[in-house]
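**Student:** Any chance you could fold what I've pasted below:
(one chain, ligands or ions: 4)
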Amino acid sequence: MDSKTFQDLIEEVHEKGICQECGGCVSFCSSAEYDVIGLKDPYKPPEYINKDKCLECGICYYICPQTHVLDNELNQTYKFAGFSSTPIGYYENIYSCQATDKDFLDYGTDGGVVNSIINFLIEKRLIDGSIVSKTDAPFSREATFADSKYDLIKASGAKLDISPQLDEIQKFCTYTHSIPKLNHYKFKKLAVVGTPCQLYTIRCMQDLGVTPSENIEICLGLFCYENFFFEKFQIEKFEKDFNIKFRDLEKINIKEDVIFKLKDMGTGEKIIHIPFNHLKDYMRPACNACSDFTNIYADISFGGLGSQDKYTTVIPRTKKGIDVLKKALDAGVIRAVDLDEVQKDKMIKLITQYSESKVKRREEFMKNIL
Ligand SMILES: Cc1cc2nc3c(=O)[nH]c(=O)nc-3n(C[C@H](O)[C@H](O)[C@H](O)COP(=O)(O)OP(=O)(O)OC[C@H]3O[C@@H](n4cnc5c(N)ncnc54)[C@H](O)[C@@H]3O)c2cc1C
Ligand code: SF4
Ligand code: SF4
Ligand code: SF4
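**Tutor:** Numbering: from 1, shown residues only. Ligands and ions are numbered 1, 2, ... in the order given. Here you go, the predicted model:
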């Protein structure tokens, strides 16, 4: 390895506006107790705190999802041939699943499958708990640790009660800064739920054998087309643009587009679909520089796309992922729809279409990044 440092990340990633704020660099550097860099503002790229203490080890550079240094190694480990052949990653089968537990289903984003699997792993003592994401208000999430069904349901935030928090929140973001949270639980066996950028940095840490990745038992990956960020003063514009009152929002789901469920005000349930391209003003800019939609390095990937309402599309990828999914199905904590080959093909085509669109978006965006 040549001696790249955080200074190179600043020049090659931050200054180009493509830092995804995954927090991987900070998580490694602070877990090693160097305390050289930190997230002074979670909605901005990390910064130097004690530059003179930097050991120039280069790890922050190698585990950054925007440097792509370890792509070849990861692609070999995860049997992925590269975005040009198929952008959806290695898979042997695809499923459409649903929680059998009513609470997980009711509170689930889609079919409540991710939480059901985490709960199953906790009950079987295969993990001590999971870093998950608590929803405080629409477009406002916070990383938290869950080690029981109660915690998982409490964090789900599917039924939003936003009134107490809304006035206090200044910045709104659908992205969760969960990776730095790993350091708080480094002596526990963890599941991690994350977006492709987050799991990429974890897989790089595991590839290099660096802390705090050693206790991560399983990586549960979410599909991710993009995330949203805006400041409080933009709420008014958002409400006008889409004729939605923030206080009326009950649930947000990201699937084939962004789906807003409004509270029932006595006139029945109202659901509004807004295409991604109408939400450009609210998108996190660095998401333009990201090409992975399906979370190709996860043990199992999950998304809403391709499945009917209240079902989750599930793609197991690694031996561990295939094994865990089989055990959860055998134990009856989730059930799978009986899909024929034509239905599976249709799902794969749709997911491939979104994946290709994301690859293309990145290519276009990167043309303007020197
Ligand atoms: C930011 C974001 C963008 C997404 N974009 C798409 C998309 O474009 N297309 C698509 O088809 N699907 C997308 N998904 C996935 C989809 O919304 C569902 O999360 C997925 O289908 C699983 O649903 P479920 O009901 O099985 O999960 P659930 O059983 O509801 O469990 C979800 C679990 O994940 C945790 N969690 C969520 N986000 C994080 C996070 N960042 N860090 C840690 N824990 C987290 C929750 O706390 C919960 O415990 C996105 C999800 C997120 C969070
Ligand atoms: S000590 Fe290593 S990981 Fe930390 S900032 Fe310096 S080069 Fe990066
Ligand atoms: S590792 Fe993540 S937070 Fe750090 S510079 Fe790279 S993208 Fe940004
Ligand atoms: S699109 Fe999703 S995976 Fe990519 S940088 Fe944005 S949040 Fe991360």
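**Student:** can you give me the end-to-end distance of stretch 119-139?
**Tutor:** Start-to-end span of stretch 119-139 (Cα to Cα, to the nearest Å) is 25 Å.
**Student:** is any part of that stretch close to ligand 4?
**Tutor:** No: applying Cβ under 6 Å from any ligand atom, one finds stretch 119-139 out of contact with ligand 4, separated by at least 12.1 Å. Any C-beta I mention is one placed from the backbone N, CA and C, and that applies to glycine too.
**Student:** Now do that stretch: distance to the chain's middle.
**Tutor:** Mean-position distance between stretch 119-139 and its chain equals 13 Å (Cα atoms, centre = their mean, to the nearest Å).
**Student:** Tell me if that stretch is near ligand 1.
**Tutor:** Yes: against ligand 1, stretch 119-139 shows contacts by Cβ under 6 Å from any ligand atom at Ile131, Val132, Ser133.
**Student:** show me the contacts for the closest residue in space to Phe172 that isn't next to it in sequence.
**Tutor:** Nearest residue to Phe172, sequence neighbours excluded (Cβ to Cβ, 6 or more residues apart in numbering): Phe139, at 3.6 Å. Contact partners of Phe139, counting by Cβ atoms under 8 Å, 6 or more residues apart in numbering, are Phe172, Cys173, Thr174, Phe228, Phe230, Ile252.
**Student:** In a helix, the last one, correct?
**Tutor:** To tie it back to what came earlier, the one meant is Ile252. No: using DSSP: H, G, I helix; E, B strand; the rest coil, the assignment for Ile252 is strand, not a helix.
**Student:** and it, how many neighbours does it have?
**Tutor:** Residues near Ile252, counting by other Cβ atoms under 10 Å, number 18.
**Student:** Can you verify my assumption that it contacts Thr174?
**Tutor:** Yes: using Cβ atoms under 8 Å, Ile252 is in contact with Thr174, at 7.2 Å.
**Student:** Surely Leu190 and Glu217 touch.
**Tutor:** Yes: under the criterion of Cβ under 8 Å, Leu190 makes contact with Glu217 at 6.3 Å.
**Student:** which neighbours do the two share?
**Tutor:** Common neighbours of Leu190 and Glu217, counting by Cβ under 8 Å, 6+ apart, are Ile127.
**Student:** Which one of those two is surrounded by more residues?
**Tutor:** Leu190 (23 against 17).
**Student:** so what pLDDT did Leu166 get?
**Tutor:** For Leu166, the pLDDT comes out at 56.
**Student:** scratch that, Asp106 is what I was asking about
**Tutor:** At Asp106, the predicted lDDT confidence score is 93.
**Student:** So which other helices or strands are in contact with the host helix or strand of it?
**Tutor:** Per DSSP states H and E: Asp106 is located in helix 102-107. Helix 102-107 sits against helix 113-123, helix 149-156, with contacts defined as 3 or more Cβ pairs under 8 Å, 6 or more residues apart in numbering; DSSP states H and E.
**Student:** please redo it, this time with the cut-off set to 7 Å
**Tutor:** For helix 102-107, the packing partners by 3 or more Cβ pairs under 7 Å, 6 or more residues apart in numbering; DSSP states H and E come out as helix 149-156.
**Student:** now Asp35: how far from Asp8?
**Tutor:** Going from Asp35 to Asp8 by Cβ to Cβ, to the nearest Å gives 19 Å.
**Student:** who's more crowded, the two?
**Tutor:** Just comparing Asp35 and Asp8: by other Cβ under 10 Å the higher neighbour count belongs to Asp8, 16 against 12.
**Student:** quick one: contacts of the host helix or strand of that one?
**Tutor:** Here Asp8 sits within helix 6-9, counting by DSSP H and E. The contact list for helix 6-9, computed with Cβ atoms under 7 Å, 6 or more residues apart in numbering, reads Cys25, Val36, Ile37, Tyr48, Cys54, Cys60, Tyr61, Cys64.
**Student:** hang on, the fifth one packs against Val36?
**Tutor:** If I follow you right, that is Cys54. Yes: applying Cβ atoms under 7 Å, one finds Cys54 in contact with Val36, separated by 4.7 Å.
**Student:** Following element in sequence after the longest strand along the chain, please.
**Tutor:** In the chain, taking DSSP state E as the definition, the longest strand is strand 129-137. Once the chain leaves strand 129-137, the next helix or strand it forms, by DSSP H and E, is strand 140-146.
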